[in-house]
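Q: test case, fold it:
(chains A and B)
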Amino acid sequence: MIATTVSSGVLVLVGAVFLASAVEMVEALTIVFAVGHTRGWRSALQGVVVALLALGALVAAFGPALVHVPLTWLRLIVGGILLIFGLQWLRKAVLRASGLKAKHDEDAIYAETVEELRALGDAPKGDRIAFAMAFKGVFLEGLEVVITVLTLGTSAHRLGLASIVAAGAVLLVGVVGIVVSKQLSSVPENAMKTSVGVLLISYGTFWVGEALKVSWPGNDGFLLVLVVFYGLSTWLVIQQTKSASAKAMVSA
Amino acid sequence: MSKQTNLVMRILKGFGMFWWDFLVGDTPELFVSTIALIGVTFLLGRGIHNSHVATVVLPLFVVASLAITVARSRPKKGSK
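A: All right, here's what the predicted structure looks like:
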């Protein structure tokens, strides 16, 4: 039975890495499509390949090095980083879900990027602008994925699994993007970001506690309790924020 | 300073700036609350009974941090 052989920790790790990688790839894909359609695919794809190689090199360089950090310290530092990182994701997701911040609109970002690129004139053969924009788009969006893979992967001693899951998500979004041949604007990005935030703070809480000798009931099975608790709490914070914003609008 | 020292300084500065923006950036309250959370958990984790208290306090502390950072981002009353 899968349920008995796969621990809660692995499920949360796979979920967090897959969703984080997919959502960042959706954002990167929009930039790559805008660059490719406007200035040609050759330089855009070269930028993508170099960015992916650079991101892979970061994982290969820092992953094995982090394994040598004592586990208690690694989990404390990683737990702290995941808590900050996850809360930052959740903050944005809550503000977007409550209507206080504009949702990430891939169609608008695509149109804006295309306009910006068209204003630069015709593309030469070896287009440095297309290369740089595609590289920057993929590298910057991918950096958050690398941090998620490194922190979750090394602390759980599953860097290989985390890397494979991230690569799978990137490949899946890339293939879907190529098949539909446009930016993926109908992907529920905010819901995905909320889920990633919840998973990251669940792992962050768990590892900070582990590092500081907190005994979690049911060991890593408690991760699922944390996921449910944080999911419900986030929903409550969204409802509360919506109602507070509505009241503020009425009284203004 | 030699060219090499300059380059090393620039790389170190860039590395430091990256982590500062990443961890503190425009939400310093999240950085401060995480440090406070680690401190509280350290104190609670020292006793066997308190360790059980930490299993409850820790998640509540995290949710409170989320509520505070969201409240800070809401437009203030009377502001347009």
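
Q: A:Glu189: what's its closest spatial neighbour, skipping adjacent residues?
A: A:His104 (5.1 Å; Cβ to Cβ, 6 or more residues apart in numbering or on different chains). (Glycine included, C-beta is placed from N, CA and C.)

Q: again, but for A:Gly177
A: A:Leu29 (4.6 Å).

Q: list the buried residues of the host helix or strand of the one you found.
A: Using DSSP states H and E, A:Leu29 sits in helix A:8-39. Under the neighbour-count criterion of 16 or more other Cβ atoms under 10 Å in any protein chain shown, helix A:8-39 has A:8-9, A:11-39 buried.

Q: quick one on the thing from earlier: now the residue nearest to A:Glu189: phi and psi?
A: Main-chain dihedrals, A:His104, degrees, to the nearest 10: phi -70, psi 110.

Q: try the one 3 residues further on
A: When read as degrees, to the nearest 10, the backbone of A:Asp107 gives phi -60, psi -40.

Q: so how far is chain B from the closest residue to it other than its chain neighbours?
A: Using Cβ to Cβ, 6+ apart and skipping the chain neighbours, the partner closest in space to A:Asp107 is A:Ser185 (4.7 Å). Distance of A:Ser185 to chain B, given as Cβ to the nearest Cβ, to the nearest Å: 25 Å.

Q: do you know the pLDDT at A:Ser185?
A: What the model reports as pLDDT for A:Ser185 is 71.

Q: correct me, but it touches A:Lys103?
A: No: taking contacts as Cβ atoms under 8 Å, A:Ser185 lies outside contact range of A:Lys103: 10.5 Å.

Q: list the contacts of the residue nearest to A:Asp107.
A: Applying Cβ atoms under 8 Å, 6 or more residues apart in numbering or on different chains, we find A:Ser185 in contact with A:Asp105, A:Glu106, A:Asp107, A:Tyr110.

Q: which among those residues gets closest to A:Trp207?
A: A:Glu106 (33.1 Å; Cβ to Cβ).

Q: can you report how many residues lie near that closest one?
A: The number of residues packed near A:Glu106 is 22, by other Cβ atoms under 10 Å in any protein chain shown.

Q: does the spatially closest residue to it that is not a sequence neighbour sit in a helix, a strand or a coil?
A: Nearest non-adjacent residue to A:Glu106, counting by Cβ to Cβ, 6+ apart: A:Ser185, 4.0 Å away. Put simply, A:Ser185 is coil when judged by DSSP: H, G, I helix; E, B strand; the rest coil.

Q: and A:Ser185, its phi and psi?
A: According to degrees, to the nearest 10, A:Ser185 has phi -80, psi -20.

Q: tell me if the worst-scoring helix or strand of chain B on mean pLDDT is near chain A.
A: Every helix and strand in chain B was compared by mean pLDDT, DSSP states H and E; the lowest is helix B:3-23, with a mean of 85. Yes: counting by Cβ under 8 Å from any Cβ of the partner chain, contacts between helix B:3-23 and chain A involve B:Phe22, B:Leu23.

Q: in the longest helix belonging to chain B, what's buried?
A: Determined from DSSP state H, the single longest helix within chain B is helix B:48-73. Residues of helix B:48-73 classed as buried by neighbour count (16+ other Cβ under 10 Å): B:51, B:54-55, B:57-59, B:61-63, B:65-67, B:69-70, B:73.

Q: flag the least confident of those.
A: B:Ser51 (69).

Q: now do the contacts for A:Arg42.
A: A:Asp127.

Q: what pLDDT does it get?
A: 88.

Q: for B:His49, same thing?
A: With respect to pLDDT, B:His49 has a value of 61.

Q: and if you look at the one 4 residues further on?
A: Confidence per residue is given as pLDDT, and for B:Val53 that number is 85.

Q: before we move on, which element is the residue lying closest to A:His37 once chain neighbours are set aside in?
A: Spatial nearest neighbour of A:His37, chain neighbours left out: A:Val114 (6.9 Å); criterion: Cβ to Cβ, 6+ apart. In this structure, A:Val114 sits in helix A:106-118 according to DSSP H and E.
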